[in-house]
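Asker: sequence plus the predicted model coming up.
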Amino acid sequence: MFKILTLSILKKILHLRKAKSNKMRYVQLGKVPQKRHTIFKSEDDQFYYEQLFGTEGFHGIASLLYHTHRPTQIKSIGNVKDVTPKIAVEKNVTPRMIKGAKVTAEDDFLESRKVLMLNNDLKMGLAKPRKSANYFYKNAECDELLFVHEGKGVLKTMLGNIEFSVGDYLIIPRGTIYQLELVSENNVFFFIEAHSPIYTPKRYRNEFGQLLEHSPFCERDIIPPTFAEPKNEKGDFLIKVKKENQITDFVYATHPFDVVGWDGYFYPYKFNIKNFEPITGRIHQPPPVHQNFEAHNFVVCSFCARMYDYHPQAIPAPYNHSNIDSDEVLFYTEGDFMSRNHVDLMDFSLHPGGIVHGPHPGAMERSIGKKFTDEYAVMVDPFRPLKLTEEAIKVEDPTYKTSWLE
């Protein structure tokens, strides 16, 4: 009996170790003390102020930040704006095409974010900001994924800066204070707000958290921030904080980018879709081989330019499938999509769980003998049904649902 209990406990420990093996690699930037939670001062004998920055209480991955000033100095709390998405379709069983090119651009970054689809685990949509923000922003309850379809600039954060351009995924952990500095007015971001942390897939990591040899990317492809000189400034600094579908204006007494150094595993980073190495085979491979990220109740996949299947009788086009347990969303970002007869860049296709879908008429036949595809798309598979917003219905192509008729 004792042996059985011991084995059971060991199995549980191993399971927990594997469940937590998707941590990021350790990074240190700037100045940090030799020992955490100890006195740390500047050359002119001024205290630096330590902040634990992480999730899941004191259990999840975290970083330790060292501020020039106390990061807690609220001067005032002002306007509160409700940004609850307006639901147009609560229960959807209809295949849909959302025309992203028709989503309206806005000057302001937050105003430009149009939620198109959502459930209790995530919100997703398009943002087309024309100007850089003159305030700071913090999502206090969701990790954010920004995929850069068009534009370039710098993601400025309290942990450092990340230059970005087309094809970059920007993964921004909840609680990160940031600004987007944009180079031009032509910018398009596909965004996801996740109510759980966004990680790389557990199955591509060993028990120590290292990405395995058969992973379609490695740690070299994950780019953390570069160190930025701390801002030792006092004044009125507006930070817009989002929580529970409200954006609240906080004014702080010191610049939020006053971090002299930090270390840990919790930080924003970028990953470019063209650094994803596709997994191919003699016959058509299923979508999980394209998985790039995972969160609670959804995954994100990168469909990339790749060699097609090399069995002499292979059919490169995907087979019909019904995705019984999840909806399927594809955001088309570059190239020619052989499984569809009429798709424009920036389109979203939504195929609800339980409804069979597959290549358009003629697409399967056209794919036979093809050796290569140059397509790039981001796929999101949520494991709970999606609702559609009024913003989505405004730009929907109503003919899509019958486009498989011959």
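Answerer: In hand now; what should we look at? Numbering: from 1, shown residues only.
Asker: need the next SSE after the lowest-mean-pLDDT helix or strand in the chain, C-terminal direction.
Answerer: None of the helices or strands of the chain scores lower by mean pLDDT, DSSP states H and E than helix 2-19, at a mean of 47. Using DSSP states H and E, the helix or strand that follows helix 2-19 towards the C-terminus is strand 27-30.
Asker: low-confidence regions, the chain specifically.
Answerer: In the predicted model of the chain, residues 1-23, 338-339, 341 satisfy pLDDT under 70.
Asker: ok, which stretches of the stretch 1-150 of the chain are strands?
Answerer: Using DSSP state E, counting those that start in this stretch, the strands assigned to the stretch 1-150 of the chain run over residues 27-30, 49-54, 62-67, 74-82, 87-89, 96-99, 113-118, 122-127, 136-139, 143-150.
Asker: what's the helix or strand for I393?
Answerer: Per DSSP H and E: helix 390-394 holds I393.
Asker: what packs against that helix?
Answerer: On a contact count with 3 or more C-beta pairs under 8 Å, 6 or more residues apart in numbering; DSSP states H and E, helix 390-394 meets strand 87-89, strand 113-118. Quick note: C-beta positions are derived from backbone N, CA and C, even for glycine.
Asker: pull out the buried positions in the first one.
Answerer: Translated: strand 87-89. For strand 87-89, a neighbour-count test (16 or more other C-beta atoms under 10 Å) marks V89 as buried.
Asker: need the residues that contact it.
Answerer: Identification of contacts with strand 87-89 by C-beta atoms under 8 Å, 6 or more residues apart in numbering yields 387-390, 392-393.
Asker: ok, it: who's next to it in the sheet?
Answerer: Here strand 87-89 has these sheet partners by DSSP bridges: strand 387-389 (antiparallel).
Asker: what lies in contact with the partner strand?
Answerer: 85-92, 96, 114-119, 125, 350.
Asker: re earlier: which one (most neighbours) among the contacts of strand 87-89?
Answerer: Using other C-beta atoms under 10 Å as the neighbour criterion, A392 leads those with 29 neighbours.
Asker: find the nearest non-adjacent residue to that residue, please.
Answerer: The shortest distance from A392 to any non-neighbouring residue, by C-beta to C-beta, 6 or more residues apart in numbering, is to L116 (4.0 Å).
Asker: touching, the one you found and K394? I think so.
Answerer: No: L116 lies out of contact with K394 (C-beta atoms under 8 Å); the separation is 9.7 Å.
Asker: more neighbours: which of the two?
Answerer: Neighbour totals were compared for L116 and K394, and L116 leads with 29 against 15 (other C-beta under 10 Å).
Asker: need the contact list for that one.
Answerer: 98, 103, 124-126, 348, 388-389, 391-392 are the contacts of L116 under C-beta under 8 Å, 6+ apart.
Asker: dump the residues you listed into JSON lines; add distance to S403 as well.
Answerer: Below are these laid out as JSON lines (distance: C-beta to C-beta, whole Å):
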{"residue": "I98", "distance to S403": "14"}
{"residue": "V103", "distance to S403": "21"}
{"residue": "M124", "distance to S403": "23"}
{"residue": "G125", "distance to S403": "23"}
{"residue": "L126", "distance to S403": "22"}
{"residue": "F348", "distance to S403": "15"}
{"residue": "L388", "distance to S403": "18"}
{"residue": "T389", "distance to S403": "23"}
{"residue": "E391", "distance to S403": "22"}
{"residue": "A392", "distance to S403": "18"}
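Asker: ok so, going back, put the buried members of the contacts of strand 387-389 into a PyMOL selection.
Answerer: Here is the PyMOL command that selects the buried residues among the contacts of strand 387-389 (16+ other C-beta under 10 Å):
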select buried, resi 85+89+92+96+114+115+116+117+118+119+125+350
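Asker: how about the spatially most central residue of the chain: what's its closest non-neighbour residue?
Answerer: The centroid of the chain falls nearest to L145 when counting by C-alpha atoms, centre = their mean (2.2 Å). Nearest non-adjacent residue to L145, counting by C-beta to C-beta, 6+ apart: I192, 4.2 Å away.
Asker: C-terminal to the helix or strand the one you found falls within, what's the next element?
Answerer: When elements are assigned from DSSP H and E, I192 belongs to strand 188-194. Once the chain leaves strand 188-194, the next helix or strand it forms, by DSSP H and E, is strand 234-243.
Asker: what comes up buried for that next one?
Answerer: So for strand 234-243, counting by 16+ other C-beta under 10 Å, buried means 237, 239-242.
Asker: ok, the helix or strand that comes right after that strand: who's next to it in the sheet?
Answerer: Next along the chain after strand 234-243, taking DSSP H and E as the criterion, comes strand 246-254. Applying DSSP bridges to the sheet, strand 246-254 is found paired with strand 74-82 (antiparallel), strand 234-243 (antiparallel).
Asker: just put those strands in CSV and tack on distance to G369.
Answerer: Output for these, formatted as CSV (distance: least, C-beta to C-beta, whole Å):
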stretch, distance to G369
strand 74-82, 55
strand 234-243, 50
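Asker: out of those strands, which gets nearest to F293?
Answerer: strand 234-243 (20.9 Å; C-beta to C-beta).
Asker: taking strand 143-150 as reference, get the angle to the closest one.
Answerer: 100 degrees (axes from the mean of the first three to the mean of the last three C-alpha atoms, to 10 degrees).
Asker: okay, the angle between strand 234-243 and strand 113-118?
Answerer: For strand 234-243 against strand 113-118, the angle by the same axes, to 10 degrees is 20 degrees.
Asker: name the residues that touch strand 234-243?
Answerer: With C-beta under 8 Å, 6+ apart as the criterion, strand 234-243 contacts 69, 75, 83, 110, 135-142, 177, 247-256.
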